[in-house]
Structures are given as C-alpha cells and as structure tokens.
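A.B. asks: Provided below are the primary sequence and the corresponding predicted coordinates.
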Amino acid sequence: MLYREAGQFKTSYATDQAIFPILQDRIGIIIILVIAFVGIPLIGNDFLTNAVMTPFLIFSLAAIGLNLLTGYTGLLSLGTGAFMGVGAYACYKLTTIFPNVNIIIWVIASGFFSAAVGVAFGLPSLRIKGFYLAIATLAAQFFLEWCFIRIPWLYNYNVSAAIEVPQRELFGIIVTGPRASAETRYLIVLTIVVIMTWMASNIVHGRIGRMWMAVRDMDIAAELMGIRLLPTKLLAFAVSSFYCGVAGALLVFLWYGGAESTVFSINESFTVLFMIIIGGLGSLLGSFLGAALIYILPIILRFVPPQLGLPLHAATVEHLTFMITGALIVFFLIAEPAGLGRLWQIGKQKLRVWPFPY
Amino acid sequence: MRATGGPDVAVGDVLLSVENVSLSFGGVKAVSDVSFDIRKGEIRAIIGPNGAGKTSMLNIINGFYHPQKGRIRFKGQARARMRPHDAAYGGIARTFQNVALFRGMTVLDNIMAGRTLKMHSNFFWQLLRYGPAMREEVEHRHRVEEIIDFLKIQEIRRVPVGRLPYGLQKRVELGRALAMEPELLLLDEPMAGMNLEEKEDMSRFVLDVNDHYGTTIALIEHDMGVVMDLSDRVVVLDHGIKIADGTPDEVKRNQAVIDAYLGVAH
Amino acid sequence: MDILYKIFLDPFVQMVTAPDLLVQTLWEGMVGGVLYALIALGFVLIFKASGVFNFAQGIMVVFAALTLVGLYNAGISAFLALGLTVAVMFALAFAVERVVLRPLINQSDIILFMATFGLTYFLIGFGQFVFGGDPKVMITEQLYLPKGTVTYKALGGIISLQKLDIAAAIIASAMVAGLAVFFSKTRIGRALRAVADSHEAALSVGISLEQIWVIVWFAAGLVALVTGIMWGARSDVSFALDVIALKALPVLILGGLTSIPGAIVGGLIIGVGEKLWEFYWGPLIGGGTDSWFAFVLALVFLLFRPQGLFGERIIERV
C-alpha cells in the first residue's frame, strides 16, 4: 500500500534516469538526511556521535572506496589500510608545512596523494588479473606500512613515530585537536561523507560506472567494445584510493586525534573488505550497511551482555568479534552472496507488493 | 547508422580483406594462409565443420588474436596487428559464441555500455551528473531506445541479463553490438541453441540490420538453411584452410565442401 | 657515484670478502624458504584438489601448533598429544567440509576464496578464545627433535647450522616427495586432480566430492601441523605467524598454484632472496625490508611471467 509506483509516470528520459526515481525513495532519503544532520546532534549524546556515528561514517567512506575498486570494477585489493594511511600522513605533512591553509582543503587534497599512490600500484593491473592482482596490493600494503615507520620525515621526526593532530579552526570554531567538540567533528565528517557519496553515486550510474562493471563482468568483451582496459582500471584505482585517502585523513584528524603506523595495518584492509563483502559488492548502500554491521558489532558485544548480566572481558569481546565476523562472512556467502544490499532490495520488492505475497 | 573514422567505402567495394593470414597456438595451427574479402553492404557467411578456425578468424578480424603471418586490410588501411580498441573505433562490432553479456547489469545498461565509444563528457561532469554528462546520457538513451524498439525488448529493459532466457540474451547481445553503430558486424553463431521460431526472429533481425542500417555482416553459422537463405556470399574453412568461396549455390555444389562436411578419409 | 657504488658494487664485494657470512645467510634463507614452502604446500594441496584457495592455511598452522602445546600443557604426554592433535585436525577438516564447503558447491572461486577469509577470522577468534593470545613454547624436546648447533670452520670463518633446521629440511623434503608420489601414482591422488578440474565432471564419474574434500583438508591439516611444529620450534607459537603465512602467497606466485615441486622452488627463491636482500641491501634503506620484499619480488615476477614459474600459460578463449 505504502510503497507503490502507481501513478508515477516518467515523461522524459532524464527523469527516468534519476537516481531515486520513486517518490517514496526520495522522501526516505530526505528523512534520513534530516535525522543525520539535525536529529542526531539534538538528541544524541557525545558517546553516540563520537564512538558510533563518526567512525561509522568514516568507515563507510572507506568501504565505498574499496567497493568502487573491488565491487564495481572487480579488482580485489588488500591495500585499503595503506591507502588510508597515505591520506592521513599526507594530510599531516600538508597541514604542518602550511598550517594556515584550511584543514578541510588539506583533507581533500590528501585524497589526491592517495590517488597517485593507488595508480602507481595499480599499474600492474595491465598484465595481472584477479587473485594475482591482490598480491600487488599486498605489496603496496606492506611496503607503505614500512614507509610509515622508516621514513621519519613523514611523522616529523617524532621520537615515538606517531603523529599528533594539531589544533585547527574553521570559521572560528575549533575542528581538530583535543578541544574540538564531538558534535562539530561529526557534522564535518557527515557533510564530507554525504557529498562524496553523492558523487560516487553519480559516477557509478553513468558512463564510468558502466565501464567499470563491464571490465568486471567480461573484460574481453569490454575491450572489444572499445573500452580501454588500462585507463579504466587505473581510474578505478585512482578514485578508490582517493576515497580511502580522505577516509584515512578523516580517521586521524577528526576522530582519533593521532595515529601510528599500526593503525593502517593489513587488519584494516581486511576489516574494510569484510564490510563490503557483507554489505554487498557493487552496492553503495551495502557499503553503509556492511560498515554498520562490522563496526557496531563489537560495540554491541561490549555493552549488551553486561546489561543482560553476563559481563565479558575486553579480550573475550575481541575474540568473539573475530569469531562472529568470520561466521557472518561464511553465512552471508552461503545465504546471500550479494550481501545486505541485496537483502535490502529484496525487502523493497516485497514492500512494493505488500500486503500481497507476490 | 554510420561509423566514424577512415575513408568512406562505397557499397559493393571491398570493406575488409583478409590477406594470407596464418595463426597458430603453440603447435596447433588454427588458421593457415587464408585470404578472402568482405564487400560493403553484403552478408558474408563463414562456415565449416567444428574446429575449422572460424571463431579464430573472427578474433583476428577483431584484433583479439594476432596472426603470425598475413594482414587485415580494413577500409583501405592494412594492419598486421589490429588492437581491439582500434577495431571498435574503426567500426567493427561483434557478438560471441558463448553470450558475453555483462551479467551484473540490466539490459538497458548493457546496451548503454555499447555507447561508451561515443560518450565523451569528462570526469568532472560525471561527478556531478549534470550539464554535459546528463545531456549525453539522455541523448544516448534515445538511440538505445531506438535499438530496443527495433529488437522488441521493451519489457525487459530493467531486468538483469543473467535472468533472461538464452534466446533473449542473444538478442540483447545483438543490441549491444548495434549500439556501437558498426560498419562491420561480426556475428559468432547468433542462432546457436535456438528453436525454429527464435531462429526465424533472429534471421529477420539480421536481414533488417543489413537492409535498414546498411551494416555489413560477417556471420558464422552452422544451420545450413539459415546460411543459404541469408547470405550473399559464403567462405568455407576446414582445418584452418579455405576450401571454397562463392555464392551459396556455388558452395553448396562444391565437392570439397561436401567431403568436408560428410567426412572423407584423408 | 657514491650511491651507485653502494647499491651495485658494495654488497657483492661484501659477499665475496666474507664468504662464510654469505653461506650463513644463504642457509638461513633456505631454512626460512623451506618453512614458507611448507605453508605453500598446504595451499597447493587444497587448491590442486578442490580449486579452493584456502586463505586459512596460515591460521591452521597456528591452530595446530596451539592445540598440540595446549594439550601438552594440560598434562597429556607429548606423543599422545600429537595423536590427539591429528584427530583434532581431522575434526576440523570434517567441520569445514560440512559447514563451509558443502553449502558452497558450484559457487565461483572468488566466493570460495572469500569464505576462507571468514574461516580465517573465525579460527583466529576461536584459537585466541580457547588458548589465549600470548605466545607459547613448542614442545621440541618432548618430540625428540634435535637441539643445538653444528659448527663448521670454513671459508675463512665459522658457519653454524642449527640441527633443528637440518631436521626441518629433511622432513620437508620427505613430505614433498611423498605428496608428489601420492598425487601422481595413487587412485585417490588422481581423483583429487579430477575434482580440482571440475566439480561437476568429477561428480558425474562417481567421485564423492565430500569425501575427497575431507581427505584433502585433513592432509593440509597434517602439513599445517608439521609446519606448526617446525616453525614453533624455531620461534614461539603466536598469532603473528598468521601474517607470516601471507608470505606463502608470493611463494605460490613463483611456484604456481598447482605444483608441489613449485612450492619448494618458490619457497627457496623467496626465502633466500629475502634474506640476501635484507642482509646486504637492507641496511642502506633502514632495515626491516623483509616485511615487503617477497611481495615486491613476486610482483616484479608477475609482470614478466604472469603465470609463475611452473604454471600454465592461460590462453583466453572467447
């Protein structure tokens, strides 16, 4: 009854090709945005914004980045952690060398550095495919991780090899550093993530998205149709690494407040990969859903059992997180390989004919 | 529908010629010293028993395989090694023996993907999906809809191709190739696995493409009835060698061809 | 000029002027290589016989070692613990086949590959949950593995080889030879190769996929156990080994995913290459290069020979 397209006729191709052609979807998105921008700061407490929403948004952005490369273009990458790190360290160097430039500009600029590195490590994709390409990204991961420790210039020769985020302001409000409020940081991250998600959506619905998916599904046919493989793949590496780089910069500057090289280890790469596997490869919505599930899970495990009278050790929580994550991956691959994104779509399909069964 | 690039070739003149082409994989000779030509506006069939080298021949024309010897001359320009990208830009499109559609995408997206060659709006506008990017999407959507009307697949526009029955998949693949507005269309067994009704439909589409759009067609086909009815000229391959070349009637009566199909002790 | 000398000449000069160090480094590299090869062997077994790239091989090594040590520390005698661990690895193989592999029959390789990611994480969590995350000591003596070193005066200096390493090399060679024979000569070996080629075809000739998979994962589990013992004897048994297991991937690239001798050759090349690079060139750039050298080497290799040393050139058919 509620979710029907009846009566919504499209009279031009432009409206038919809109990203949310169904009116109910458009209303839904607006409601979500209102809740995100207005509701959460009003109702939520610091814990909600700082420990849940901000990192969730940041990881969603990284998940989108990886999804563009692995889900849409079919290039498996295990170097996400390192690419996020490039963004973080680039931002750090930029802002310490040019402290008077707006920090947001540096956050975005650091994405370009990450994109350049991504393209460099994506060059082997000319000759190497599939699983073997993953090895190239592993090389990127370990080599860059090594750089983060062994190139002292990157962390300004700090004795502890860690970077600490300096205080920066935007229009007079403190946005980074220990005195920045959780709410401010949340709103900035939210704005950036919303804008970048919108752009990602535009890209994947247009010519470039089709080229990427063509390369993923049948690269020989794509080539014979005139799609040049190497530039297409490199573009995927570039855009994907850009997103991961910005996510990394946001991670350090607007959430952690500091970092050392272990933050961008191979575990990070796997975490983001699991987010998109569970969320759905090739689905932007899935990136958010997967990030939510993987990120929220340990938080639930930490806080719910004590409420039910079963206090768990911190270490046990970690162990259980690993176990449940692993089990969930296997479960999703068996039950719905296309992840939560597909489950959502199926749900919408059912909703369209509700209350009838089909 | 006219392709871009290269000098225009008049109807009846040679559009593509294969000159003394030989291709082998390791020790296996797929194609040995084969020469034939394809005239603009005609429907040329390439036939022969299994393993004769027909698909390899198409792959060579496409630029996917590179012959060890010989050349391809397309629209007057000779090339020893044609790259797939150049073939596509030059106006050569094809369908595949095992349907090579993009399974993760809908019918509409697959055919729109065929328009990629013609879409040029840059990355910046793509990011915003506005201005030139949107205008281009709409303009190409028009052309794609023409093809969808032509092939009568309107109802299945938004269906993911993986869910379509085989016959419809083949039709969508034809649509995707047509979206490239090719001058030369290579069809690799377009009727394979189809029942009589589907074959009649596909034959009609092939003839319409040739009539209506003037597209030159080279087709590999096993069904002799189809070959005889549709094609203007036929070239016959057997074990990688050309054994006959002429009109369907001439080829039908050629003893070497009959031997090859019925099997004679060599 | 100075830099060029440092990169292109000096290391070789060092190699020639101190040949005992060179031999020592080569030996260390070979030993490391043998251990990588053992891990790679587990990958090859499962891939050869089921077409699945078992990312969880590394954690299986850790898990096997932990089980052995855990049982011993719980008071069970060494060889009984060994026997029980073998049984545990069989149970693991059985469980993996029922829960992970059977529901995913006929799915694409990528999906199976990702399923082994899930398995890896699950085993990491489970292993830490049951055994605790702190490093353990391998029960080397109790298994009668040799201790101590053999020293030779040679080449102007001293070369010392750990007896354990010699034993590891011998055991590994024996396993490889045994497995190679098993695959090519026995009926089960042939069935395993058939399954790797095509699930459906193997089913149609009456091969029971489930049995084959249990056998093969069990075999990989045994290889993992031996690897775990050897590796644990040289350094402690800890979860860091799991990351080290990732190094088996470059080994597989060089040696090919389906070649048992390839795993050894690849392992040796990676092991020796890594050690030589780190010892002679590492100091120039700050050291610690063995975290990435293997991968870069594999990458360079892939650029020139995408199918690895022993793999088959894939000719794409359209």
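C.D. replies: Structure received.

A.B. asks: C:L104 against A:I334, yeah?
C.D. replies: Yes. Judged on CB atoms under 8 Å, C:L104 makes contact with A:I334 at a distance of 6.1 Å. All C-beta atoms are positioned from the backbone trio N, CA, C, and that covers glycine.

A.B. asks: burial of A:F322, as a residue count?
C.D. replies: By other CB atoms under 10 Å in any protein chain shown, 21 other residues sit near A:F322.

A.B. asks: so what secondary structure elements neighbour the helix or strand where it lies?
C.D. replies: According to DSSP states H and E, A:F322 maps onto helix A:314-335. If contacts are counted by 3 or more CB pairs under 8 Å, 6 or more residues apart in numbering or on different chains; DSSP states H and E, helix A:314-335 sits against helix A:266-279, helix A:284-307, helix C:109-131.

A.B. asks: could you give me the average pLDDT of the second one?
C.D. replies: To tie it back to what came earlier, the one meant is helix A:284-307. Averaging pLDDT along helix A:284-307 gives 86.

A.B. asks: Run through the chain and note the low-pLDDT ranges.
C.D. replies: Since no chain was named, I'll use chain A. Within chain A, the segments meeting pLDDT under 70 span A:1-7, A:9, A:357-358.

A.B. asks: um, chain C though
C.D. replies: Along chain C, the model assigns pLDDT under 70 to residues C:141, C:155, C:241-242, C:306-318.

A.B. asks: which residues in it form helices?
C.D. replies: C:2-4, C:10-17, C:19-50, C:57-73, C:78-96, C:109-131, C:163-185, C:187-197, C:199-204, C:209-234, C:241-245, C:248-255, C:260-276, C:293-304 (DSSP state H).

A.B. asks: What of the stretch 101-250 of chain A?
C.D. replies: Applying DSSP state H, counting those that start in this stretch to the stretch 101-250 of chain A gives helices spanning A:103-122, A:130-150, A:182-205, A:207-217, A:219-224, A:229-251.

A.B. asks: and if you look at the stretch 101-250 of chain B?
C.D. replies: Assigned by DSSP H, counting those that start in this stretch, the stretch 101-250 of chain B shows helices spanning B:107-113, B:123-128, B:132-151, B:166-179, B:196-212, B:224-230, B:248-253.

A.B. asks: And the fifth one, what's buried?
C.D. replies: So that's helix B:196-212. By neighbour count on 16 or more other CB atoms under 10 Å in any protein chain shown, the buried set for helix B:196-212 is B:E198, B:K199, B:D201, B:M202, B:S203, B:F205, B:V206, B:V209, B:N210.

A.B. asks: tilt between it and helix B:166-179?
C.D. replies: For helix B:196-212 against helix B:166-179, the angle by axes from the mean of the first three to the mean of the last three CA atoms, to 10 degrees is 10 degrees.

A.B. asks: Smallest gap between chain B and chain A, at which residue?
C.D. replies: Closest approach of chain B to chain A (CB to the nearest CB) occurs at B:A88, with a separation of 3.2 Å.

A.B. asks: isn't that residue right next to B:T116, touching?
C.D. replies: No. B:A88 lies out of contact with B:T116 (CB under 8 Å); the separation is 9.3 Å.

A.B. asks: Looking at these two, which is more packed in?
C.D. replies: More crowded of B:A88 and B:T116, by other CB under 10 Å: B:A88, with 26 against 23.
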